[in-house]
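Student: the sequence isn't on hand, but the structure is:
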């Protein structure tokens, strides 16, 4: 019996969703863990470095088709808002390092900060239980929006949430 790539990806997504350890993670209003991993250039990426900016943090994997589609869309959102107001960090979750590096090379023209979480330690701290998993962090460093397992129909909601956070005055 042959299994399509989509079916395999869907089954892996369900497996991840139902077998992930039970961690509280973060919710709206929480201050998330600071560490987002290292970029493929070796830079340490921390939320605290972007205080005063709105951040979108998305967890993605090579096998998640929508995750890979969303990365250029999020880069376009960052471009439209301007990097001085919005920073997008895309955390690769549980992929093999060679797969991640290959995808990072393919995404070289997409202006996002890419990090790598092979062990899942960062995702566990955030409470990732399914992909894609996205957080919007306000200028005050607190989670303003959270969504898991969304698709194209959620794009306008995400854009609206980002715009709402950008419009808020900066924290003193």
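Tutor: Nice, I can see it. Worth saying up front: this structure is predicted, and the values here are computed from it rather than measured.

Student: for the helix or strand hosting residue 71, buried residues please.
Tutor: If you go by DSSP states H and E, residue 71 is part of helix 65-81. Neighbour-count burial for helix 65-81, counted by 16 or more other Cβ atoms under 10 Å, picks out 66, 67, 68, 70, 71, 74, 75, 77, 78, 81. Bear in mind the C-beta positions are built from the backbone N, C-alpha and C, glycine included.

Student: just checking, what packs against it?
Tutor: Where contact means 3 or more Cβ pairs under 8 Å, 6 or more residues apart in numbering; DSSP states H and E, helix 65-81 is packed against strand 54-60, strand 86-93, helix 155-167.

Student: again, only using 10 Å
Tutor: Other elements packing on helix 65-81 under the criterion 3 or more Cβ pairs under 10 Å, 6 or more residues apart in numbering; DSSP states H and E are helix 5-19, strand 54-60, strand 86-93, helix 97-106, strand 133-137, helix 155-167.

Student: hmm, back to that, can you put the buried residues of helix 65-81 in CSV and add distance to residue 90 and pLDDT?
Tutor: Formatted as CSV, the buried residues of helix 65-81 follow (distance: Cβ to Cβ, whole Å; pLDDT from 0 to 100):
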residue, distance to residue 90, pLDDT
66, 13, 90
67, 8, 92
68, 10, 89
70, 9, 92
71, 6, 93
74, 7, 95
75, 9, 95
77, 12, 95
78, 10, 96
81, 16, 96
